[in-house]
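1. I need the structure of the sequence given here:
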Amino acid sequence: MDRQNRELSAAEYFIQIQKEYLIAQFRSKIYFSPKNKRYWKKVMEYKAEKINSIASRNKLHSIFNSDEKMEDFYNRLFDKNGKPRFEMTEDDLKNYYTAGNDFSYNGEIYNLDSIREDGKLMLFSKEKSEFEIADREDVCRIL
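-> Purely as a prediction, here's the structure:
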């Protein structure tokens, strides 16, 4: 447990670790390296163990035993399209916006072709056989 978590009450820690679990789950999906995937899965296992232990010991609902809690925490961390509300690290962004990944844009599936110098995304629709230019805010990676 890091220094920041040591300053939290048990109740605050329980809330925080559930958020951290969902963020680790997100990262386990966006990272490509098997080493990174293993790392984030291990983090998830550790956090799940802690969440289940605290929930069991204190008779609490958690993201694992309550669909409502899972939905509540998910909605705190991700918008209605599944895009993260939390600040992603530089590595997160690099892995999230990697050429070849599939994205949802205007309700359709697009493949990220490249990132332009102005930061906009060049997307390609295989179905329509056409390119689109989009802002990062307008797309969501399909996980």
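2. pLDDT averaged over stretch 33-52, what's the number?
-> Confidence for stretch 33-52, expressed as mean pLDDT, is 97.
3. for it, which positions count as buried?
-> Within stretch 33-52, the residues scored as buried using 16 or more other Cβ atoms under 10 Å are 40, 43-44, 47-48, 50-51. (Each C-beta comes from the backbone N, C-alpha and C, glycine too.)
4. try stretch 83-94
-> 84, 88, 92.
5. Residue 131 looks like it's in a strand, true?
-> Yes: counting by DSSP: H, G, I helix; E, B strand; the rest coil, residue 131 is part of a strand.
6. Can you name the residues bridging to it?
-> Note on residue 131: beta-bridge partners by DSSP bridges are residue 124.
7. From residue 64, how far out is it?
-> 42 Å (Cβ to Cβ, to the nearest Å).
8. Check which helices and strands the strand with the most length in the chain sits against.
-> Determined from DSSP state E, the single longest strand within the chain is strand 108-115. Applying 3 or more Cβ pairs under 8 Å, 6 or more residues apart in numbering; DSSP states H and E, one finds that strand 108-115 makes contact with strand 102-105, strand 121-125, strand 130-134.
9. give me that answer again for 10 Å
-> Counting contacts by 3 or more Cβ pairs under 10 Å, 6 or more residues apart in numbering; DSSP states H and E, strand 108-115 packs against strand 102-105, strand 121-125, strand 130-134, strand 139-141.
10. Now the first one - C-alpha only, PDB.
-> Extracted in PDB, the C-alpha atoms of strand 102-105 (Å, rounded to 0.1, in the frame of the first residue of the first chain):
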ATOM      1  CA  ASP A 102     -10.400  -0.100 -33.700                       C
ATOM      2  CA  PHE A 103     -12.400   2.900 -32.600                       C
ATOM      3  CA  SER A 104     -16.000   3.900 -32.500                       C
ATOM      4  CA  TYR A 105     -16.700   7.100 -34.300                       C
END
